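S.K.: after the sequence you'll find the predicted model.
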Amino acid sequence: MSLFLNLAQLGEQLAATKKKLEHSALIGAYWQQLAPPELAPASRLLIGRIFPESDARTVNLSGAALQRVLQQVAGTPVEWSDSAVDFGDAVAQWLTARGWQPHGAPLELLDVYHAYEEIAAASGAGSRTRKDELLAALLQRASALEAKYITKQITGEMRVGVSEGMLLDALARNTHIPAATIRRANQLAGDVGVVVYTALVQGKAGLETVGLEVGHPLKPMLAQSADTVADALEMICPPLALEYKLDGARLQIHKRGETIKLFSRNLANITASLPEIADQVRAEIRARDAILEGEVIAMDPHGRVLPFQILMRRVGRERNVAAMQQEIPVKLFLFDCLYRDGATLLDQTNTTRWDALEEIAGEIARVPRRIISTAAEGDTFLRDARAAGHEGIMAKQLASPYTPGERGKAWLKLKPVTTLDLVIVASDWGYGRRHGWLSNQHLAARDETTGEFLEVGKTFKGLTDAEFKTLTPQLLELELRQVGATVYVQPQVVVQVAFNNVQRSPQYKSGVALRHARILAFRPDKAPNEIDTVQTLRAMLEREEGNP
Ligand code: AMP
């Protein structure tokens with residue numbers, strides 16, 4: 001049986017090189033040391049995932065819980081070193097500085113994995129204490145390096161430079177199984193762990209038996225962005241289908257006879273939260289077995305679309321379902337058919353799949369759709385979608401197959417770019433070319449409940465040299481204190497910020513962080529108490545994670 005330390009050491013080796021071939025060789029050598037039952041968990045842990053994507057369990061431990069338990073185990077509060085790049089790194093540096101020594105038997109990989117399973121299983125009254133105890137027992141036995149990786153795994157931030165795609169490439173290199181076979185099996189299985197295990201233990205033949213199974217969710221196909229209908233027409237050869245992009249929650253619907261399962265975008269089983277949708281599917285769908293996709297939105301009794309935040313009070317929430325059904329009515333719109341009575345339709349064209357959907361959908365609504373070949377037709381459709389209160393439109397190549405889990409060009413989303421108005425609460429002195437300027441801006445959103453400004457990201461991107469030069473004295477006038485190279489300022493300078501997406505953050509008190517933030521403009525017309533709220537960002541995060 002393999003020690004957890006081996007995985008931690010591999011993480012360090014992987015992080016130390018950017019060369020793909022070296023990554024692949026290191027991972028291949030590691031797999032060889034493992035016993036078959038260790039292959040799947042070790043492979044998931046390597047990319048910072050504890051459970052398969054198609055498994056709804058989570059350890060559900062916040063950054064605060066980790067800090068609390070670390071303090072309990074080590075006797076003093078965690079101190080952050082300035083040089084720490086993430087939470088895991090900070091924990092390791094802090095334990096090392098304190099001369100930390102683990103107690104008890106060395107941790108095996110499966111000891112750690114089973115502890116994660118027990119932590120995930122703790123629920124109900126007393127679960128917080130139980131989770132803390134389990135984590136404390138684990139950390140007692142961990143060296144500083146192992147604690148670093150436990151922290152990384154719990155927070156889902158491995159940052160060793162290996163993504164799911166790279167792990168699968170390494171698998172192809174080490175087994176000589178074609179990358180396409182591996183990718184397809186992964187799309188259908190929704191679990192890299194199973195794919196690695198099957199490839200290494202059963203080989204190519206085994207992987208080929210991984211197929212679409214009704215009741216077992218597969219990864220949803222994703223969309224790239226396009227700015228205008230004209231751009232979409234350039235990216236996708238016309239004719240193409242345009243569909244309303246509804247601002248709701250994606251549903252993958254599995255029907256096997258009378259048994260209906262509803263899965264969210266992140267493959268969680270959310271059937272219990274939407275019983276009326278399950279009933280409707282059972283009653284309407286004209287096929288014994290089917291896998292369908294659609295978007296569920298909240299609608300008031302007059303047919304007006306309700307905001308996403310309201311819908312989120314229903315999706316995945318299993319308490320008071322009957323009362324919530326009254327309070328927040330939902331409506332399903334279908335847009336794809338992946339399987340129908342024994343026939344897998346993934347490799348069929350979008351047109352064929354839409355036709356299959358039309359045949360079996362019964363009285364269930366389909367998303368409004370139009371086949372277009374000119375930008376003018378598309379612009380009208382986009383205007384209609386917006387006028388009806390929807391987010392934008394999707395453009396879909398009529399000839400394209402359904403490629404699970406892939407963000408290709410066959411589906412494009414057209415929606416307005418989201419920006420946020422945030423306030424600068426601190427700024428770091430620059431170095432190199434930016435020496436003498438306050439260059440890295442700490443951006444904060446407003447906490448609606450407490451009125452506090454909570455950091456959600458940092459950026460030095462988007463400002464011109466001239467802007468840095470005028471901003472620096474302006475910020476110095478607002479200075480509250482300096483800590484190291486960081487000047488904390490009164491929250492007064494409001495900026496409009498673009499970003500790629502929102503992610504969970506254990507470091508920030510707000511719990512959320514913007515990825516690839518860049519400043520687009522100063523907003524002197526906006527007061528700090530008018531800026532966007534932490535609650536808005538959390539709702540965005542939920543949407544991005546396809547939560548529940
Ligand atoms: P985004 O979340 O911005 O990447 O946009 C993709 C999401 O839009 C999908 O995951 C669906 O939840 C949602 N969506 C809304 N309407 C459609 C549609 N007609 N076709 C596909 N996805 C849709």
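M.R.: Happy to help now that I have it. Residues are numbered from 1 along each chain as shown.
S.K.: can I assume Ala147 is in contact with Asp89?
M.R.: No - distance between Ala147 and Asp89: 10.8 Å, which falls outside the contact criterion (Cβ atoms under 8 Å). C-beta: built from backbone N, CA, C; applies to glycine.
S.K.: of the two, who's got more company?
M.R.: Ala147 (27 against 19; other Cβ atoms under 10 Å).
S.K.: so what's the more buried one up against?
M.R.: 70, 91-92, 95, 100, 139 (Cβ atoms under 8 Å, 6 or more residues apart in numbering).
S.K.: what strand or helix carries the residue in the stretch 201-350 of the chain that the ligand sits nearest to?
M.R.: Of all residues in the stretch 201-350 of the chain, the one sitting closest to the ligand is Arg250 (3.2 Å; Cβ to the nearest ligand atom). For Arg250, the enclosing helix or strand under DSSP states H and E is strand 249-256.
S.K.: how is this protein partitioned into domains?
M.R.: Structural domains assigned to the chain are 4-155, 164-208, 222-413, 419-544, following automatic domain parsing.
S.K.: between those, which gets nearest to Gly215?
M.R.: Evaluated over those, closeness to Gly215 peaks at domain 222-413, with 5.2 Å, by Cβ to Cβ.
S.K.: what ranges do the helices span in the stretch 301-450 of the chain?
M.R.: For the stretch 301-450 of the chain, applying DSSP state H, counting those that start in this stretch gives helices covering 308-311, 321-327, 350-360, 375-387.
S.K.: tell me which residues are up against the last one.
M.R.: Contacts of helix 375-387 with the rest of the structure, by Cβ under 8 Å, 6+ apart, involve 228-230, 232-233, 242, 244-245, 368, 370, 372, 391-393, 395, 414.
S.K.: contacts with the ligand among those, please.
M.R.: Applying Cβ under 6 Å from any ligand atom, the subset of the contacts of helix 375-387 adjacent to the ligand comprises Lys245.
S.K.: make a PyMOL selection of the buried ones in the contacts of helix 375-387.
M.R.: Of those, the buried ones go into a single PyMOL selection, burial set by 16 or more other Cβ atoms under 10 Å:
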select buried, resi 229+232+233+242+244+245+368+372+391+392+393+395+414
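S.K.: contacting residues around Ile424?
M.R.: 441-444, 475, 489, 491-493, 495.
S.K.: before we move on, the earlier item: what is the next helix or strand after the strand holding Arg250 packed up against?
M.R.: Scanning forward in sequence from strand 249-256 by DSSP H and E, the next helix or strand is strand 259-263. The contact analysis (3 or more Cβ pairs under 8 Å, 6 or more residues apart in numbering; DSSP states H and E) places strand 259-263 against strand 249-256, helix 275-284.
S.K.: can you pull the buried residues of strand 259-263?
M.R.: Quick answer for strand 259-263 (16+ other Cβ under 10 Å): 260-263.
S.K.: please apply the same query to stretch 65-76.
M.R.: 65-70, 73-74.
S.K.: and if you look at stretch 528-547?
M.R.: For stretch 528-547, a neighbour-count test (16+ other Cβ under 10 Å) marks 528, 531-543, 546-547 as buried.
S.K.: in helices, which of these fall?
M.R.: Here DSSP state H is the test, and these give 534-543 as lying in helices.
S.K.: can you name the residues bridging to the nearest residue to Lys526 once chain neighbours are set aside?
M.R.: Spatial nearest neighbour of Lys526, chain neighbours left out: Val494 (4.5 Å); criterion: Cβ to Cβ, 6 or more residues apart in numbering. Val494 forms beta bridges with Val423, as assigned by DSSP bridges.
S.K.: how close does Val494 get to Leu422?
M.R.: Distance, Val494 to Leu422, by Cβ to Cβ, to the nearest Å: 7 Å.
S.K.: same question for Trp437.
M.R.: From Trp437 to Leu422 the distance is 20 Å (Cβ to Cβ).
S.K.: what about the two, which has more around it?
M.R.: A count of neighbours by other Cβ under 10 Å puts Leu422 above the other of Trp437 and Leu422, at 33 against 21.
S.K.: would you check that that one makes contact with Val456?
M.R.: Yes - between Leu422 and Val456 there is a contact under Cβ under 8 Å: 6.9 Å.
S.K.: anything in contact with each of those two?
M.R.: Joint contacts of Leu422 and Val456 (Cβ under 8 Å, 6+ apart) are 443-445.
S.K.: please save the CA atoms from the longest helix along the chain in PDB.
M.R.: For the chain, the longest helix by residue count, based on DSSP H, is helix 192-208. What follows is helix 192-208 as a C-alpha-only set of coordinates in PDB (Å, rounded to 0.1, in the frame of the first residue of the first chain):
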ATOM      1  CA  VAL A 192     -11.000  10.500 -14.300                       C
ATOM      2  CA  GLY A 193     -10.400   8.000 -11.500                       C
ATOM      3  CA  VAL A 194     -12.400   5.200 -13.200                       C
ATOM      4  CA  VAL A 195     -10.800   6.000 -16.500                       C
ATOM      5  CA  VAL A 196      -7.300   5.700 -15.100                       C
ATOM      6  CA  TYR A 197      -8.200   2.500 -13.300                       C
ATOM      7  CA  THR A 198      -9.800   0.900 -16.300                       C
ATOM      8  CA  ALA A 199      -7.000   1.900 -18.700                       C
ATOM      9  CA  LEU A 200      -4.300   0.600 -16.500                       C
ATOM     10  CA  VAL A 201      -6.000  -2.500 -15.300                       C
ATOM     11  CA  GLN A 202      -8.100  -3.600 -18.300                       C
ATOM     12  CA  GLY A 203      -6.500  -1.700 -21.200                       C
ATOM     13  CA  LYS A 204      -8.100  -0.300 -24.300                       C
ATOM     14  CA  ALA A 205     -10.700  -3.100 -24.500                       C
ATOM     15  CA  GLY A 206     -11.900  -2.200 -21.000                       C
ATOM     16  CA  LEU A 207     -12.100   1.500 -21.800                       C
ATOM     17  CA  GLU A 208     -14.200   0.800 -24.900                       C
END
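S.K.: the ligand contacts on the stretch 401-548 of the chain?
M.R.: Residues of the stretch 401-548 of the chain lying near the ligand (Cβ under 6 Å from any ligand atom): Lys413.
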